[in-house]
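> structure for this input, please:
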Amino acid sequence: MLDFLRDLAANNNKEWFHANKYRYQLVRKEFEQYVALLIAEIASFDESIKNLHPKDCIFRINREIRFARDKSPYKTNFGAFIAPGGRKGGYAGYYFHVEPANSFVEGGIYRPSSGSLKAIRTDIFENTEEFKEIIYDPDIVEQFGTIITDEKLKTAPKGFPKDFKDVDLLNYKDYTVLKPLEEDLLTSEHLTGALLEAFETVYPLNVFINEAIAFYARG
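Just a heads-up that it's a prediction; the model follows:
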């Protein structure tokens, strides 16, 4: 898989991809099998994802280029987001990203809908200490560090008091944590154990987020 992705990065065009489609199909099938294994193992501590199929979780390799400056037709990674309803379910989950020199695992929710984001912020506002216990837990800090986001509000979100002492926790637009993976680990017998340890560590964060979203969905 890593060899294929390196070659694809150096030859990111339709002609090369079509000539090497058999390689893509082989590594795609292997990735599906591995994601199926991850789903089964994660379901041992998170039953909300137990009925997922790998195809519900794996992202397409084709890039959306209509409005992009970079017109390269293919992604140079394999990614799977294991969450209730799959990658399009709108819930927090477990992301596995394979890319030469840039592989990682991630937990939480990226770019939630406006309604879901408001629900998450409301739950944090009303249950601040519980949320802080989760994100500042020594295990999650050791594995992932702190919440990461590309964008963050400079002031309190609309509808929340500006003088709230933990307003910083409400200003995120994403609620995700990320852990880089060394490339040697990807070809090691310890890979699955390392992924599951990370995913189980982030489970309480996913539960907190998903309960907030589910409560909002019930109206």
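> tell me the contacts of the closest residue to Gly115 other than its chain neighbours?
Excluding its sequence neighbours, the residue lying closest to Gly115 (CB to CB, 6 or more residues apart in numbering) is Tyr216, at 6.0 Å. C-beta: built from backbone N, CA, C; applies to glycine. Residues in contact with Tyr216 (CB atoms under 8 Å, 6 or more residues apart in numbering) are 115-116, 118-119, 122.
> please apply the same query to Lys88.
Asp56.
> quick check: it vs Glu151, distance?
For Lys88, the distance to Glu151 (CB to CB, to the nearest Å) stands at 22 Å.
> now do Lys75
Note on Lys75: its distance to Glu151, by CB to CB, is 22 Å.
> before we move on, back to that, out of the contacts of Tyr216, give me the one that has the most neighbours.
In terms of neighbour count, Ser116 stands highest of the contacts of Tyr216 at 22 neighbours, by other CB atoms under 10 Å.
> how far away is the residue nearest to that residue when sequence neighbours are not counted from His18?
Excluding its sequence neighbours, the residue lying closest to Ser116 (CB to CB, 6+ apart) is Ile213, at 4.8 Å. Distance, Ile213 to His18, using CB to CB: 40 Å.
> the more surrounded of the two?
Legend: neighbour count by other CB under 10 Å for Ile213 and His18, higher for Ile213 (23 against 9).
> so which helix or strand takes in the more buried one?
Here Ile213, judged by DSSP states H and E, is contained in helix 191-217.
> could you list the buried residues of that helix?
Neighbour-count burial for helix 191-217, counted by 16 or more other CB atoms under 10 Å, picks out 194-196, 198-206, 208-210, 212-213, 216.
> what does stretch 129-145 give?
Applying 16+ other CB under 10 Å to stretch 129-145 flags 131, 134-135, 140, 143-144 as buried.
> one more: stretch 44-54?
Neighbour counts using 16+ other CB under 10 Å place 46, 48-49, 52, 54 of stretch 44-54 among the buried residues.
> now those residues in TSV, with distance to Ala83?
As requested, the buried residues of stretch 44-54 are arranged in TSV below (distance: CB to CB, whole Å):
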residue	distance to Ala83
Asp46	9
Ser48	8
Ile49	7
Leu52	8
Pro54	13
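> how about these in CSV, adding secondary structure, distance to Pro157 and pLDDT?
Shown next, in CSV, are the buried residues of stretch 44-54 (DSSP: H, G, I helix; E, B strand; the rest coil; distance: CB to CB, whole Å; pLDDT from 0 to 100):
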residue, secondary structure, distance to Pro157, pLDDT
Asp46, coil, 28, 98
Ser48, helix, 27, 96
Ile49, helix, 29, 97
Leu52, coil, 32, 96
Pro54, helix, 36, 97
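> what about the residue nearest the centre of the chain, which SS state?
Centroid-nearest residue in the chain: Tyr95, 3.4 Å away (criterion: CA atoms, centre = their mean). Of the three states, Tyr95 takes strand under DSSP: H, G, I helix; E, B strand; the rest coil.
> got any ranges where this protein has weak pLDDT?
Applying pLDDT under 70 to the chain flags the ranges 217-219.
> let me see the ranges of the strands in it.
Here the chain has its strands, by DSSP state E, at 78-82, 93-98, 103-109, 175-181.
> closest one of the buried residues of stretch 129-145 to Asn12?
Using CB to CB, Phe144 comes nearest to Asn12 of the buried residues of stretch 129-145, at 30.6 Å.
> please report how far that closest one lies from Ala10.
Taking CB to CB, one finds Phe144 at 32 Å from Ala10.
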